[in-house]
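Trainee: Just the structure for this:
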Amino acid sequence: MSHHPFAVTVAMIVHAGERFLMVEEWQQGRIRYNQPAGHLEPGESILAGAQRELLEETGLDIKLKQGVAIYQFEAPDNGTHFVRFTFCAEVPKPLATHPQDPDGDIIRCHWLTLSEIEALGEQLRSPMILASFKDYLAGARFELSTLKQQH
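Mentor: Numbers count the residues shown, from 1 in each chain. Okay, the predicted model is just below:
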């Protein structure tokens with residue numbers, strides 16, 4: 001059996017009216033766009049990881065409302081297998097953001113419409129971004145209590 005790199009990531013859809021929160025980031029020498037997202041750290045619960053990534057990348061401390069979907073994806077460039085837990089939260093209007101990214105990859109945050117996000121095309125970091133927005137808008141949800149952490 002061959003070994004492939006494996007990563008567990010968490011992502012947040014933050015919705016305000018007709019707009020969604022996106023981060024502009026510097027990745028592998030290019031500007032890319034993503035939802036607030038990142039890798040789960042050792043010993044960290046999935047929900048805590050989602051909250052931490054949202055806070056680090058946007059400066060926002062918003063309570064997760066529900067899960068949207070769990071995605072599996074293999075990156076064509078390096079074969080890394082990703083399992084991505086996507087969550088959602090809603091706010092009444094776009095909020096001011098203050099990235100606190102310890103890695104220094106986040107350039108700025110944007111509140112964009114779905115059509116503006118779709119227009120980013122190849123600048124989107126992953127195909128899971130558009131898939132998760134479409135699932136979210138179609139009403140896909142699961143309760144946070146579905147996720148269990150054993151110690």
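Trainee: use CA for all of it now, contacts and neighbours both
Mentor: OK.
Trainee: Excluding chain neighbours, give the residue nearest to Thr113 in space.
Mentor: In space, Thr113 comes closest to Arg19 once its chain neighbours are excluded; the distance is 4.5 Å by CA to CA, 6 or more residues apart in numbering.
Trainee: And that neighbour, what's its pLDDT?
Mentor: Model confidence at Arg19, expressed as pLDDT, equals 98.
Trainee: cool, and the one 10 residues further on?
Mentor: Residue-level confidence at Gly29 comes out at 88, pLDDT.
Trainee: Could you do the one 5 residues further on as well?
Mentor: If you check Asn34, the pLDDT there is 97.
Trainee: Test my guess that it contacts Met128.
Mentor: No: under the criterion of CA atoms under 8 Å, Asn34 is not in contact with Met128, lying 9.5 Å apart.
Trainee: And those two? Which one has more around it.
Mentor: A count of neighbours by other CA atoms under 10 Å puts Asn34 above the other of Asn34 and Met128, at 23 against 19.
Trainee: and after the host helix or strand of Val83, which helix or strand comes next?
Mentor: Counting by DSSP states H and E, the secondary-structure element that holds Val83 is strand 81-90. The first helix or strand that comes after strand 81-90 along the chain, using DSSP H and E, is strand 106-112.
Trainee: Strand partners (parallel or antiparallel) of that following strand?
Mentor: Next to strand 106-112 in the sheet, as set by DSSP bridges, lie strand 19-27 (antiparallel).
Trainee: What lies in contact with the helix or strand containing Ser115?
Mentor: When secondary structure is defined by DSSP H and E, Ser115 falls within helix 114-119. Helix 114-119 is contacted from outside by Glu18, Arg19, Phe20, Leu130, Phe133, using CA atoms under 8 Å, 6 or more residues apart in numbering.
Trainee: of those, buried ones?
Mentor: When the contacts of helix 114-119 are checked for burial by 16 or more other CA atoms under 10 Å, the buried set is Arg19, Phe20, Leu130, Phe133.
Trainee: Distance to Leu55 added to those, as JSON lines?
Mentor: Conversion of the buried ones among the contacts of helix 114-119 to JSON lines gives the following (distance: CA to CA, whole Å):
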{"residue": "Arg19", "distance to Leu55": "19"}
{"residue": "Phe20", "distance to Leu55": "16"}
{"residue": "Leu130", "distance to Leu55": "22"}
{"residue": "Phe133", "distance to Leu55": "20"}
